[in-house]
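Q: Model the structure of this input:
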Amino acid sequence: METRTKCKFVSLDKVTVETSQGDRFTLGLSGVIPFEMQEHHCQIIAALFDKYYLGDPSVIMGPIFRGMYQCHCWASIFWYGPDRENERERIGAKIKSLRMERRMDARDVAQLADIDASNLSRIEKGKYSAGLDILCRIAAAMDCHLDIVPNSNRVNMAGHIIPENHKKWLITAKRSTFRLAECLEKYGEYHWQQSRYNVSLGDTIYIYVSEDREIKYRMTVEAINVRYDQWMVKEEEFWVDKERINQDESEVKYALLRLEATSKSGKLTEENLTKHGFLRAPQGTKELDGELLIYIERRF
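A: Here you go, the predicted model:
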């Protein structure tokens, strides 16, 4: 099957993709794909990019991610990012832009940075991967300095902008209702019924497991107001109460929570929580603040 998107494996669990629009991405997979299956998986990934990608990267962790699951791929997309060549081109273009802005000749910058002019030309074209020392010397030659700065907008894995003033919540989970640990081990995420709570993208969710009487997980809200769909069927195997599966979910809204960390401190027990702000064992959902929030954050 001929596709417009080009896809190839660079390791057993990593794929590079070049879309028909010229955008390039690296996809990290949740497991290894045997050599004999890689061509088949490339065809699936390329076909999904052809179908869904129109320039918005959010579809990678949306319909493309789901499409791989529905096509019974051996692994799903675990992370994605810009291809390294794209980053080299972006950095090179920035260097050239700053040099032109300062009306400096490439040979002068190369001399001040103590590198060959031909290498500077390759760096500006994104054809050469310069080390940190070289980049620092180039920056200094143009009276600049290197820094690591956040993107103008924080973006989650689904491509949604995360607000800076996100909230922190504590919710209660029961193994007698849903086998959360198994779901997170297999998928690293799950859908939580929002009820009346106004959670937002980027909010942090701490999960207290009733049977363990302890906060076990820290998660991030990746999507909100999600309607029950075919994608959530994968989680039905973890429901202990099978009658729950047959309920009408057409009007229920869910939030997609992605696992960030598992607590191993042993300090976030019911006993310690009641010493730092809780009057009794956690139940339901609660927005966190004050001393209790500080205590929880320091134990993760």
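
Q: for this protein, which spans come out with low pLDDT?
A: Confidence mapping of the chain against pLDDT under 70 gives the ranges 1, 83-86, 149-165, 229-231, 242, 244-250.

Q: Quick one: the helices in it, in order.
A: Ranges of helices in the chain, per DSSP state H, are 35-52, 65-70, 84-101, 106-113, 117-124, 132-141, 180-187, 270-275, 290-298.

Q: Pipe those into a markdown table and attach distance to Phe238 and mean neighbour count per row.
A: C-beta here means a position set from N, CA and C on the backbone, and glycine is covered the same way. Output for the helices of the chain, formatted as a markdown table (distance: least, CB to CB, whole Å; neighbours: other CB atoms under 10 Å):
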| stretch | distance to Phe238 | mean neighbour count |
| --- | --- | --- |
| helix 35-52 | 26 | 17 |
| helix 65-70 | 16 | 18 |
| helix 84-101 | 37 | 15 |
| helix 106-113 | 57 | 17 |
| helix 117-124 | 50 | 18 |
| helix 132-141 | 45 | 16 |
| helix 180-187 | 5 | 16 |
| helix 270-275 | 24 | 16 |
| helix 290-298 | 25 | 15 |
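
Q: how about these in CSV, adding distance to Val15?
A: Formatted as CSV, those follow (distance: least, CB to CB, whole Å):
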stretch, distance to Val15
helix 35-52, 6
helix 65-70, 11
helix 84-101, 13
helix 106-113, 36
helix 117-124, 27
helix 132-141, 28
helix 180-187, 19
helix 270-275, 43
helix 290-298, 36
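
Q: what's the closest of these to Leu201?
A: Minimum separation from Leu201 across the helices of the chain (CB to CB) falls at helix 65-70, 17.0 Å.

Q: Show me what that closest one is in contact with.
A: 44-45, 48, 51-52, 75-77, 230-231, 234 (CB atoms under 8 Å, 6 or more residues apart in numbering).

Q: Could you identify the longest strand within the chain?
A: strand 214-227 (DSSP state E).

Q: what comes up buried for that one?
A: 214-224, 226 (16 or more other CB atoms under 10 Å).

Q: Taking those residues together, which two end up most distant?
A: Checking those with CB to CB, the most distant pair is Glu214 and Val226, at 28.0 Å.

Q: which residues sit in contact with the nearest residue to Thr269 once chain neighbours are set aside?
A: Excluding the flanking residues, the one nearest Thr269 by CB to CB, 6 or more residues apart in numbering is Glu214, at 4.9 Å. The contact partners of Glu214, taken as CB under 8 Å, 6+ apart, are 208, 263, 266, 268-270.

Q: Tell me the spacing between Glu214 and Gly290.
A: For Glu214, the distance to Gly290 (CB to CB, to the nearest Å) stands at 20 Å.

Q: cool, Leu120 as well?
A: Taken as CB to CB, the span from Leu120 to Gly290 is 54 Å.

Q: And Leu180, by the same measure?
A: Separation of Leu180 from Gly290 (CB to CB): 27 Å.

Q: Likewise for Arg99?
A: 51 Å.

Q: Also Leu184?
A: 28 Å.

Q: quick one on the thing from earlier: Trp169: which of the helices of the chain is closest?
A: helix 290-298 (10.1 Å).

Q: how about the CA coordinates for the closest one, as CSV?
A: Extracted C-alpha coordinates of helix 290-298, given in CSV (Å, rounded to 0.1, in the frame of the first residue of the first chain):
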residue,chain,number,x,y,z
GLY,A,290,-2.1,24.6,52.3
GLU,A,291,-0.1,22.4,54.6
LEU,A,292,-1.6,19.2,53.4
LEU,A,293,-0.6,19.9,49.7
ILE,A,294,2.9,20.8,50.8
TYR,A,295,3.2,17.6,52.8
ILE,A,296,2.0,15.4,49.9
GLU,A,297,4.2,17.1,47.3
ARG,A,298,7.3,16.7,49.4
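
Q: Which elements pack onto it?
A: Secondary-structure packing of helix 290-298 (3 or more CB pairs under 8 Å, 6 or more residues apart in numbering; DSSP states H and E): strand 168-173, helix 270-275.
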